[in-house]
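Engineer: Next one to model:
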Amino acid sequence: MENTKVSVWKANLNWGLILGLALVIYSALLYFTDNMFNRSLGYVSYLLIVIGIFFGVKAYRDNFLGGYISYGQTIGAGIIISLYASIIGAVFTILLYKFIDPDLSQKLYAFSEQQMLDKGTPEDQVEMAMKMTEKFLNPYFMAGFAILGSVIVGLIISLIEGIFLKKENPANEIS
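Structural biologist: This is a model prediction of the structure:
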């Protein structure tokens, strides 16, 4: 395949959009089945991210880089894919918490409080933690934190997957 010069940002946009939409659909499914706070089902999101980054970086390598990619390029592509996906997820978070279900923040607050009480956390510590938690239940703050967290997760996944996806061009090796 011909090695066409395309921006890494443009080349990874489609997979970022695909991953972002997959995560939004999954989150909506969790919301509508009343499983938003089910931690076990939440881990499926990580599986979707692993799959999305893997296939996105592989497509970037095969379709835009002539079948070769360095370890650093795999990491960069994975981070870009996760950034695009996280922006889509952040928009969904704002829509969900601000417009679709404005009471969802209070449900999350109550759920978090009950989790702490169930673990046997003393009342005074629960009260102090919940005062702090309340400050972070703003949809815009949650969306921003989701972007940061998703990019960090994307970095970690890219560091691991890059080991398997890198494929150095033999023409670039020094003899």
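Engineer: Show the contacting residues for the spatially most central residue of the chain.
Structural biologist: Nearest to the geometric centre of the chain sits residue 150, at 3.6 Å (Cα atoms, centre = their mean). Counting by Cβ atoms under 8 Å, 6 or more residues apart in numbering, residue 150 makes contact with 49, 82-83, 85-86, 89. Bear in mind the C-beta positions are built from the backbone N, C-alpha and C, glycine included.
Engineer: cool, and residue 133?
Structural biologist: With contact taken as Cβ under 8 Å, 6+ apart, residue 133 is in contact with 109, 112.
Engineer: Kindly report the same for residue 169.
Structural biologist: Contacts of residue 169 by Cβ under 8 Å, 6+ apart are 66, 68.
Engineer: Ok, the one 3 residues further on next?
Structural biologist: If a contact means Cβ under 8 Å, 6+ apart, then residue 172 has residue 68 as its contacts.
Engineer: okay, it: pLDDT?
Structural biologist: pLDDT, residue 172: 77.
Engineer: same thing with residue 66?
Structural biologist: For residue 66, the predicted pLDDT is 94.
Engineer: so how far is the lowest-mean-pLDDT helix or strand in the chain off the chain centroid?
Structural biologist: In the chain, no helix or strand scores lower on mean pLDDT, DSSP states H and E than helix 123-135, which sits at a mean of 90. With Cα atoms, centre = their mean, to the nearest Å as the basis, helix 123-135 stands 27 Å off its chain's centre.
Engineer: Nothing else from me, thank you.
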